[in-house]
Structures are given as structure tokens and as C-alpha cells.
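K.L.:
sequence plus predicted model, see below.
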Amino acid sequence: MINNIISNYSNTFDIFSKIIILKLFYSSFIIFILYNLPLIFAYKILNKGTPFFLKKTLYNLFNTFYKSPVSLLMYYYGNKSITNTLKHYITQAPTSLYQTVIINITYLILYLFWYLSIGVNSIIPLALIYSIYISEISYKFIDNEKFEFTNQITFYNSNKGFFWTLGLIYGIIEFFYLSQFGLEIIGLFLYVCICFPLLNNYNYVNNHYSLNLFYVPENILGLILNPRCSPD
């Protein structure tokens, strides 16, 4: 039995070892240098007797022009880091610019909900954001000859429970622990690496009739591409 398990998962173990050895510490170090270290120094300087009004102004400027754009770049970097390390295992599942735009609109909507939420309620949009992020990475490595997905949106909709669970777990970890130390991006990268064997071996469902969670973003994009003509 043990031999069968090792045989079935040997490819996954090989992939996981490549992540750990080649990219885990290197990518974490890059994220820390470009994101966490400037935050530590900036906030430390701001907290040294700076007048309240000036401190608040500089804090907002720093978050707007450095923290926010760099955090987006680091999330993208984490995604690309895993993809580039395991590029030989990518299955080229079908995707399109249309789907990418819809997913990005969804990110924006969920981010606004997160920004407007208070306290523990912010975990809900966080969990959804991370569930989509994790599904994007998973989709690149699925055995599509077996599952026969035609697009990434169906992939997410058909397996939303699985991705919601993973997103919720990390959302809770981030809210109660990592966000206090500014380690949410490094934490997500490590979390995805740890979950990768599960993501790579999960028995995904392909259900074209599952509830479409991207209905609102699809309609928003439809209105942008085909705006209704106002009556004369």
C-alpha cells in the first residue's frame, strides 16, 4: 500500500521538492526585501515623534504610492515564481483574455468589499480573493486531458467549495496573525507551496451547470464592450 502511494505521488513529491529547494527561500527573500523591509523602516521612521497630521499624510502617501502597487506586484511575482519553477509541468489548459479581464474585475470588486468591511467581516472577501488566486495557480497544472475544462471560470465554479475552503483557511490565518506583522504576501506564497501537492492531485469536478459566481463581472464587462444606446 505504501509503495502504491509513493508511486502515485512520486511526481508530486518531485514537484514539491523543486519548489522548496529552488524557489521557496529565494522568492520569500525577494518579497521581504522589496515589500516588508521598506514597510518596517518607513513605519519606524513615521512613529518617531512625527506630528500627527504630518504622520497621517505621509502614511497615506506611502501606502498609496508604494505599499499598494508593490503589494500587487509581489502577489503577481509569487504566482509567476511558482509557474516559472514548474514550467515543465504546465499543461496549457485553455484560457483567454476575456476570462482574464473578468477575473481581474472580480478581484477589484472583492477588494472594494474588503476595503469597506470592518473587523472579522473582512475575512469573507479575503477568503474569496485568495480562493480565486489559488484556483488561478491550480488551473495551470491540472491534467486537462483527464478533466477537459474549456475555461478557467468553469474550473473555479465547478470546484468553488474546495477553493473557498483553502481561501478561508488562509484568510483566517492572515487576519488573526500575519497581517499584524505585514507577512500576508510571504505567508500566501508559502501557503500555496505547502498546498501544491493537494492542488496537483485533487480530483476536480467539471460541471458546466454550476452556479456562475462571475455573473456580475461578466455583465459589467458586457456593458463596457456593448453599451446600450440611450433613446433619442
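P.N.:
Received the coordinates, thanks.

K.L.:
so where does the closest residue in space to Val101 that isn't next to it in sequence fall, helix or strand?
P.N.:
Once flanking residues are discounted, Val101 sits nearest to Leu221: 6.0 Å by C-beta to C-beta, 6 or more residues apart in numbering. No exception for glycine: its C-beta is placed from N, CA and C like everyone else's. Using DSSP states H and E, Leu221 sits in helix 215-225.

K.L.:
what about stretch 27-38, distance to the chain center?
P.N.:
Distance of stretch 27-38 from the chain centroid (C-alpha atoms, centre = their mean, to the nearest Å) equals 17 Å.

K.L.:
for that stretch, which residues meet the burial criterion?
P.N.:
Of all the residues in stretch 27-38, those buried under the rule 16 or more other C-beta atoms under 10 Å are Ser27, Ser28, Ile30, Ile31, Phe32, Tyr35, Asn36.

K.L.:
sorry, back to before: got the contact list for the residue nearest to Val101?
P.N.:
Applying C-beta atoms under 8 Å, 6 or more residues apart in numbering, we find Leu221 in contact with Tyr98, Val101, Ile102, Ile105.

K.L.:
same check, this time on Ile153
P.N.:
Remark: with contacts taken as C-beta under 8 Å, 6+ apart, Ile153 is in contact with Gln99, Ile102, Ile103, Asn212, Phe214.

K.L.:
tell me the pLDDT of it.
P.N.:
In the predicted model, Ile153 carries a pLDDT score of 93.

K.L.:
and what of Leu108?
P.N.:
At Leu108 the predicted local distance difference test score is 92.

K.L.:
please report the distance of it from Lys56.
P.N.:
In this structure, Leu108 and Lys56 are 26 Å apart, going by C-beta to C-beta, to the nearest Å.

K.L.:
circling back to that earlier point, out of the contacts of Ile153, which are buried?
P.N.:
Applying the neighbour count, that is 16+ other C-beta under 10 Å, the buried entries in the contacts of Ile153 are Gln99, Ile102, Ile103, Phe214.

K.L.:
how near is the second one to Tyr215?
P.N.:
In this structure, Ile102 and Tyr215 are 10 Å apart, going by C-beta to C-beta.

K.L.:
what's the answer for Phe147, then?
P.N.:
23 Å.

K.L.:
likewise for Lys55?
P.N.:
Here the distance between Lys55 and Tyr215 works out to 43 Å (C-beta to C-beta).

K.L.:
re earlier: narrow the contacts of Ile153 to those in helices?
P.N.:
Among the contacts of Ile153, the members found in helices (DSSP state H) are Gln99, Ile102, Ile103.

K.L.:
closest to Thr83 among those residues?
P.N.:
Using C-beta to C-beta, Ile103 is the member of the ones in helices among the contacts of Ile153 that lies nearest Thr83, at 15.6 Å.
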